[in-house]
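Participant: here's my sequence, what's the structure:
(chains A, B and C)
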Amino acid sequence: MVKLSVKDVYVAKGQNLKVVSKEEKQTVYHSKKLNLWYGEHHALKDIDLEMKENEVTAIIGPSGCGKSTYIKTLNRMVELVPSVCTQGEILYRERNILDNKYQVEELRTKVGMVFQKPNPFPKSIYDNIAYGPRIHGIKNKKVLDEIVEKSLRGAAIWDEVKDRLNQNAYGLSGGQQQRICIARCLAIEPDVILMDEPTSALDPISTLKVEELVQELKENFSIIIVTHNMQQAARISDKTAFFLNGEVIEYEATNHIFSTPTDKRTEDYISGRFG
Amino acid sequence: MVKYVDHVQVVKRMNGRLVVNKMFKIVFLLATLFALAALGVLVYRMFDQGWGYLSADFITNFASRFPEKAGIKAALIGSMWLMVVVAPISLLLGVGTAIYLEEYAKQNRLNDFIRMNISNLAGVPSIVFGLLGLTIFVRSLALGKSVLAAGLTMSLLILPVIIVAAQEAIRAVPKELREASYGMGATKWQTILKVVLPSAVPGILTGSILALSRAVGETAPLVVLGIPVIVHFLPNGILSEFTALPMQIFDWAKRPQEEFQYVAAAGILVLMTFLVILNSIAVFIRNKFQNRY
Amino acid sequence: MTVREKFENDLHRVQGLMLDLCHMSIHALEKSVEALFEQDIDAALVLMDQDRFINRLEEHINDEVILLIAKQQPVATDLRRLIVMIKAASDMERIGDYAVNIAKETIRLGQTKVVYPTEKIAQMRDQAIAMLKGMVQAFIDEDMQKAKEIALLDDQIDTLYGEAIVEILNTPTENMKDIGQVAQLSFVCRYLERSADHATNLAELLFYLVKGKHYELNQ
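Facilitator: Below is the predicted model of the structure:
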């Protein structure tokens, strides 16, 4: 009897089996022995993580475990807090971003960020989206129009707001505001999108919309998402890192973490036995 | 289960609580009424005494020895000139300082010391600023009793108020908005110009215009600077001599003739109108920007 | 460390139900073979009637587990524990069905004298019951070593099964009326052998519960 592989079955059904070998996926971020202190407080301890492009990497862990600090270190946003001190390396596309020579503004045009609370500017929807391109020197109205439409479509909110681009973004619902923020982030055409608990302030339906959006965005961007919602990490991510007290306890494929975690602490956390 | 709340007692105490509740409402209402009553008496007196002397001639005449011919033209125009100097200088310096202190200055002892002193400066008596202006602007810089010298003095007087108001307004801009801007690769200056300042404008302007109102009404520094009162010409530039509304009113009020008291009251009415207009502008600007932002 | 008290309590309750189900099924199997040997038709009828309690209990366990999954959204070991419980309940319910089948054979056998040897059947019964009881204890203790040993015992019962069938077929038939007994006793052997297979199944389920991987314990 001829043995059939899974691929044969897909071919027989006329479907394309997208085979992406591990070699093809490049490393986007690689932090090596990253340590971070807030004054005396040792917030991140020897973090070693490698994240691949076109993947969703979720970071989970209880409050105060350093997950938000870590993601804010990836675009050096953490420097806004005085008294922060870092040690070690974070390689973004093979360049160390913690190097003083690395221009932080340049980094942030490649690495967009979506925050915990929807934070649109108190401006019109159009001006919100055009903000990024404008600060980077794009003035041509036609080009801006195209960027705005493309970004809003990318964030799956174009149909909801196309008739009121000149209205204040504050008039939108929380979920819409958050997708405006995602669109605003897309407008600078980043390589990576960092999301810091992007749905923690949203209702369940808006949360689902954002989650679906993340799945779509994965095709073109690498996404790193911090979430305190474990089910969300399980639903949308390819890989999951579990942080506890500033350390990475386990970093594995999401399927593995949520079915057969290696570390007892990971199992306790995802089963809701602490945190 | 042990019960700590005895509901019978709660019902018994209810009446007493409601009485105290009502009492405090009345106390606060009385406090408000007292202030309103004082203001009402003041305004009534001004109108009672000054209304008869208020006319088109009073606005367009220069000062005079005769009460019925006395006018306020020079003082009114002089006060406007004063504003022309004070407004830009105090706003630029004040907002600039506030931006530096809030956005650029690091959190260290020196800057904390500067911040604290600026708050304290707001409480320094205006006459002290007058003496400072006399020494530096009138004498050392030899600006004389000009619009510029008085304007610089007044700017210094209201600068702390503007700085504090602008600091408050800048601080009130949500941190999330700055983060959003920095997160897209904006520089500090771009963030301040496009995000922080637009959001802070209503607060800054409200505080600033209230401060400017104070500059219009302030008398003591002008007295110390030696600003003249009997002026029969209009200032033709910022280096020209001038007089201002409170100076003029002060002069009339201290004259022995009873009729000049009424002229002073009329002058106060003009000054108050001037202030009300300024404050209305502040309210208008605030509302306009708050609708947008 | 906060424990999910509500979840733990519910889980313990369902585990208790599960133990009841195991005891009921194993007891029914034991009783059915006893009835066969004693040719006690009344006892066989009672067993057939009581199987509905076993079936109802299995359905009840399934409902409880589905509710727990829906309401508590367990993951990892917690989730596997619930899934394993559903599967084990179905295994146990099957054992109850075998007891009913054996009872039916008892009724078919009626009062006719058994002319074939039944020692092997008794041995198979003892072995199967021991395996099942051992497995229940192994589950309670989550003892994988014991489960593995029990799974290996399945080979012995398979051998016994072969021997029993050969023995029955090789016994010369004197009266053609008794030929029906060959089929009836063979079926009983078959049911006992299947019951032991379910014990192996349970062992594999225990391995899946603890390790999260699928093992074939009996090749």
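
Participant: for the residue most central in space within chain C, give me the pLDDT.
Facilitator: In chain C, the centroid-proximal residue (CA atoms, centre = their mean) is C:I95; its distance is 3.6 Å. What the model reports as pLDDT for C:I95 is 95.

Participant: so where does it fall, helix or strand?
Facilitator: Assigned by DSSP states H and E, C:I95 belongs to helix C:76-109.

Participant: then A:D46?
Facilitator: Judged by DSSP H and E, A:D46 forms part of strand A:41-52.

Participant: which residues are in contact with the closest residue to chain C within the stretch 51-200 of chain B?
Facilitator: For the stretch 51-200 of chain B, the nearest residue to chain C under the criterion CB to the nearest CB is B:E176, separated by 31.1 Å. The C-beta positions use only the backbone N, C-alpha and C, and glycine is treated the same way. When contacts are counted by CB atoms under 8 Å, 6 or more residues apart in numbering or on different chains, B:E176 touches A:115, A:117, A:119.

Participant: pLDDT score assigned to it?
Facilitator: Among the per-residue scores, B:E176 holds a pLDDT of 91.

Participant: how far away is it from C:R108?
Facilitator: 80 Å (CB to CB, to the nearest Å).

Participant: re the thing from before, helices or strands next to the strand holding A:D46 in the packing?
Facilitator: Contact here means 3 or more CB pairs under 8 Å, 6 or more residues apart in numbering or on different chains; DSSP states H and E; on that basis strand A:41-52 packs against strand A:27-38, helix A:67-74, strand A:222-226, strand A:239-244, strand A:247-253.

Participant: burial count for A:D145?
Facilitator: Residue crowding around A:D145 was assessed by other CB atoms under 10 Å in any protein chain shown; the count is 13.

Participant: what helix or strand is it on?
Facilitator: Using DSSP H and E, the element containing A:D145 is helix A:141-154.

Participant: how about that helix: buried residues?
Facilitator: A:144, A:147-152, A:154 (16 or more other CB atoms under 10 Å in any protein chain shown).

Participant: dump the residue contacts of B:L222.
Facilitator: Neighbouring residues of B:L222 by CB under 8 Å, 6+ apart: B:130, B:150, B:244, B:246-247.

Participant: ok, now C:A44?
Facilitator: In this structure, C:A44 makes contact with C:32, C:35-36, C:103-104, C:106-107, judged by CB under 8 Å, 6+ apart.

Participant: quick one, which of these are buried?
Facilitator: Neighbour-count burial (16+ other CB under 10 Å) applied to the contacts of C:A44 gives C:32, C:35-36, C:103-104, C:106.

Participant: what's around the residue of chain A found nearest chain C, how many residues?
Facilitator: Ranking the residues of chain A by distance to chain C (CB to the nearest CB) places A:T260 first, at 3.3 Å. One way to gauge burial is a neighbour count; for A:T260, by other CB under 10 Å, it gives 15.

Participant: pLDDT score for A:L17?
Facilitator: pLDDT, read off for A:L17, is 51.

Participant: do the same with B:L275
Facilitator: According to the per-residue confidence, B:L275 scores 88 in pLDDT.

Participant: which element is it on?
Facilitator: helix B:258-292.

Participant: in the stretch 1-150 of chain B, which spans are strands?
Facilitator: Using DSSP state E, counting those that start in this stretch, the stretch 1-150 of chain B contains no strands.

Participant: how about the residues of it that lie near chain A?
Facilitator: Within the stretch 1-150 of chain B, the residues that sit near chain A (CB under 8 Å from any CB of the partner chain) are B:106-107.

Participant: now the helices for the stretch 1-150 of chain B?
Facilitator: Counting by DSSP state H, counting those that start in this stretch, the segments of the stretch 1-150 of chain B that form helices are B:7-50, B:56-60, B:73-99, B:109-121, B:126-133, B:147-171.
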